[in-house]
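*Asks:* Got a predicted structure plus its sequence, pasted below:
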Amino acid sequence: MSEEPGTRARPGALRQRVPAGAGHRGVVLPLLSSVPGVAEPGPVRPRRTDARWRLVALSLLVACACGPYLVAGLRTEQASVYLVCGVGLVCGWWRSTPAAPNGLLVVYLLGFELVIALFGWLFPAPPTLEIGWADEPLRALDNLVMPGAVLFATWMLLGAWVDPRPYLRAVCGVIVALACVNTGLAFLSVTFDLTPLLQGFWVQGELTPSVAALALSTGRYGGIFNQPAEGGHFYSIALLSLIYLFHRRPWWLAAAAAVVILGGTLGASKTFLLGGLPVGVWQILRTAGRRPTWWLGAAGVGSVVYGLLRVAAGHGVNWNGLGVLATYFAPADDADLVHLYSAGRFGDHAALYDVTIAILKTSPWTGYGLNGVGWPYDSAWLGAFAVGGLLGVFAYTAVLCVLLWSWWRRRPSSDPNMSRLAGGLVLVTITSSLGYPALSGNRAATPMWVLFALLLLSRRIGSRDGRRDPGEAEARIKFTNYGVSSP
């Protein structure tokens, strides 16, 4: 029988090592020259249908983060994450995941914080008269379990050792689309009363007024987000995502950035205005360089956003966003800047001072456990301190340090655009933690952890231990003469 062309090894060929990114995971393939008819094995490729449903499932998981409440105390975000984890455990998806050692370290730190909170709940310290217990153990338990559940759900949907770039593009596209839709709802809220429509996204079955309703009374329009800090955190993630998604399309980037910046500004959240927006503008300017098209797009973004804000100020009944922006960027000469930019959380007469002193006097090491304290957690470290004491503060800070270290460690060998996105996310997470528990925030934390899993906390393609990245160029090497090509 005649042999198919291209299946025989070329005579005189030497032994070649196929790069790890070429689909053979670094296995040395001898190109036999003396045995005729021996075909080289092709690269290991995932089935298209399998990869397609994984990508769709991960995109739906991110989209469900912005869903409404299903019943009292249960959001679409929680139901989807726990459903994926439950199905993955039953079907055995957990046996093959791309979890990197640093990703498992993050899970261990989150688990350590959970153990400390459970200990403080089983052996509670007596509450003080000043603060008392929050007495919401299920809500505190969900805040501690949810970050690890999102990581495991993402890893189980990814499978083992896959190229994260298609998933990253899909997830970023979903985040940007959700931010643009929410901007439309927030802009319409300036003129029309959309409270009956948005009420299901804020609270469900609670008698007390939602934070979003109180924010509306002060002229802060956040759309589906209950707290301005959550909306600012989500818009910060969306701004960084669109920079990654459209870094080669300046006009698409300008149009999407105008919508996202408008939405973040309508909510008047310092998390976005003082955190995500400066980071995003800096990345846009770095990407622009000396190209005039990018500078024209940036000028167009500023003009469009300012014009729409003027329209909102003219048609809105209570919107005073321009006055809020003027206070932030042109404060009075005798203003306490730390007190102003932290909304009274820090600086002179800080609102967190009395709560911190009360916890230090009663239970400094383990806090009050899942009972928490009857005080708003206006800082991530206050929340960690109330639930886990000094040990909880250590665990929360250690998670942020692992994320920062992971980005710095992968930066030299990673794709520049992926590294820029990862670094921006780490910086936004740290700054957002000053205003609210960013690692477990409603609706914003799930997309954040999915991106962290794709960028920093998973084994990269062609690497079993997460220590080596062959790079995009090496991953695309094709051995056409021998019938071997990378996926």
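*Replies:* Yes, it's here.
*Asks:* C-alpha only now, for contacts and for neighbours.
*Replies:* Noted.
*Asks:* Next SSE downstream of the helix or strand that Val402 is a member of?
*Replies:* Assigned by DSSP states H and E, Val402 belongs to helix 380-410. With elements assigned by DSSP H and E, the helix or strand that comes after helix 380-410 is helix 416-433.
*Asks:* Which residues outside that following helix are in contact with it?
*Replies:* Helix 416-433 is contacted from outside by 229, 233, 236-237, 240-241, 244, 271, 275-276, 279-280, 283, 379-381, 400, 403-404, 407, 410-411, 438-439, 448, 452, 455-456, using C-alpha atoms under 8 Å, 6 or more residues apart in numbering.
*Asks:* State the mean pLDDT of the host helix or strand of Trp282.
*Replies:* Assigned by DSSP H and E, Trp282 belongs to helix 277-288. The average of the pLDDT scores along helix 277-288 is 85.
*Asks:* Likewise for stretch 456-468?
*Replies:* Mean predicted lDDT for stretch 456-468 stands at 61.
*Asks:* lowest-pLDDT helix or strand in the protein?
*Replies:* strand 478-479 (a mean of 30; mean pLDDT, DSSP states H and E).
*Asks:* The helix holding Val402 - what's its average pLDDT?
*Replies:* 95.
*Asks:* got the angle between it and helix 416-433?
*Replies:* If you take axes from the mean of the first three to the mean of the last three C-alpha atoms, to 10 degrees, helix 380-410 sits at 160 degrees to helix 416-433.
*Asks:* tell me what helix 380-410 is packed against?
*Replies:* With contacts taken as 3 or more C-alpha pairs under 8 Å, 6 or more residues apart in numbering; DSSP states H and E, helix 380-410 sits against helix 101-122, helix 352-362, helix 416-433.
*Asks:* if you set the cut-off to 7 Å instead, what comes out?
*Replies:* helix 101-122, helix 416-433 (3 or more C-alpha pairs under 7 Å, 6 or more residues apart in numbering; DSSP states H and E).
*Asks:* quick one: the strands in this protein?
*Replies:* Counting by DSSP state E, the chain has strands at residues 16-17, 28-29, 69-71, 74-75, 478-479, 484-485.
*Asks:* Mean pLDDT lowest where, among these?
*Replies:* strand 478-479 - the lowest mean pLDDT of the strands of the chain, at a mean of 30.
*Asks:* which residues does Tyr436 contact?
*Replies:* The contact partners of Tyr436, by C-alpha atoms under 7 Å, 6 or more residues apart in numbering, come to 229, 377-380.
*Asks:* buried subset of those?
*Replies:* 229, 377-380 (16 or more other C-alpha atoms under 10 Å).
*Asks:* any idea which of these is closest to Leu109?
*Replies:* Nearest to Leu109 out of the buried ones among the contacts of Tyr436 is Ala380 (C-alpha to C-alpha; 15.3 Å).
*Asks:* how about the nearest residue to that closest one, chain neighbours excluded?
*Replies:* Pro437 (3.9 Å; C-alpha to C-alpha, 6 or more residues apart in numbering).
*Asks:* What pLDDT does the model give that neighbour?
*Replies:* 92.
*Asks:* Let me know whether it touches Ser379 as I believe.
*Replies:* Yes. Counting by C-alpha atoms under 7 Å, Pro437 touches Ser379, with 6.1 Å between them.
*Asks:* Now the helix holding Trp282: buried residues?
*Replies:* 277, 279-281, 283-284, 287-288.
*Asks:* Can you tell me which of the helices and strands packed on helix 380-410 is most buried?
*Replies:* When the helices and strands packed on helix 380-410 are scored by mean count of other C-alpha atoms under 10 Å, the highest mean neighbour count falls to helix 416-433 (a mean of 21).
*Asks:* so what's Gly231 up against?
*Replies:* Contacts of Gly231 (C-alpha under 7 Å, 6+ apart): 222, 225.
*Asks:* Kindly report the same for Thr97.
*Replies:* 155-156, 159-160.
*Asks:* again, but for Leu240
*Replies:* Neighbours of Leu240 in contact, by C-alpha under 7 Å, 6+ apart: 280, 421, 424.
*Asks:* Need these in TSV (columns: distance to Ile357).
*Replies:* TSV is the format used below for the contacts of Leu240 (distance: C-alpha to C-alpha, whole Å):
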residue	distance to Ile357
Gly280	37
Leu421	38
Gly424	33
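*Asks:* so which of those comes closest to Ala179?
*Replies:* So of the contacts of Leu240, ranked by how close each gets to Ala179 (C-alpha to C-alpha), first place is Gly280, at 14.9 Å.
*Asks:* What is the burial count for the residue lying closest to Val387 once chain neighbours are set aside?
*Replies:* Closest residue in space to Val387, ignoring its immediate chain neighbours: Gly369 at 4.4 Å, by C-alpha to C-alpha, 6+ apart. Using other C-alpha atoms under 10 Å, Gly369 has 33 other residues around it.
*Asks:* which residues does Gly369 contact?
*Replies:* Contacts of Gly369 by C-alpha under 7 Å, 6+ apart are 117-121, 124, 387-388.
*Asks:* Flag whichever of the residues you listed scores worst on pLDDT.
*Replies:* Pro124 (85).
*Asks:* which phi and psi does it have?
*Replies:* Dihedral angles of Pro124 (phi, psi; degrees, to the nearest 10) stand at phi -80, psi 150.
*Asks:* What's the separation between it and Val373?
*Replies:* Pro124 sits 12 Å away from Val373, taking C-alpha to C-alpha, to the nearest Å as the criterion.
*Asks:* higher neighbour count, those two?
*Replies:* Val373 (26 against 17).
*Asks:* Check the gap between the more buried one and Gly389 for me.
*Replies:* Counting by C-alpha to C-alpha - Val373 and Gly389 are separated by 12 Å.
*Asks:* Could you list the low-pLDDT ranges of this protein?
*Replies:* 1-49, 128-132, 134, 161, 204-209, 288-304, 306-351, 461-487 (pLDDT under 70).
*Asks:* now with 80?
*Replies:* Across the chain, the ranges flagged by pLDDT under 80 are 1-51, 126-135, 160-162, 203-210, 212-219, 287-354, 374-376, 460-487.
*Asks:* Who are the contact partners of the nearest residue to Ser241 once chain neighbours are set aside?
*Replies:* Excluding the flanking residues, the one nearest Ser241 by C-alpha to C-alpha, 6+ apart is Cys172, at 5.1 Å. Counting by C-alpha under 7 Å, 6+ apart, Cys172 makes contact with 241-242, 245.
*Asks:* Compare these and tell me which has the most neighbours.
*Replies:* Most surrounded of the contacts of Cys172: other C-alpha under 10 Å gives Ser241, at 27 neighbours.
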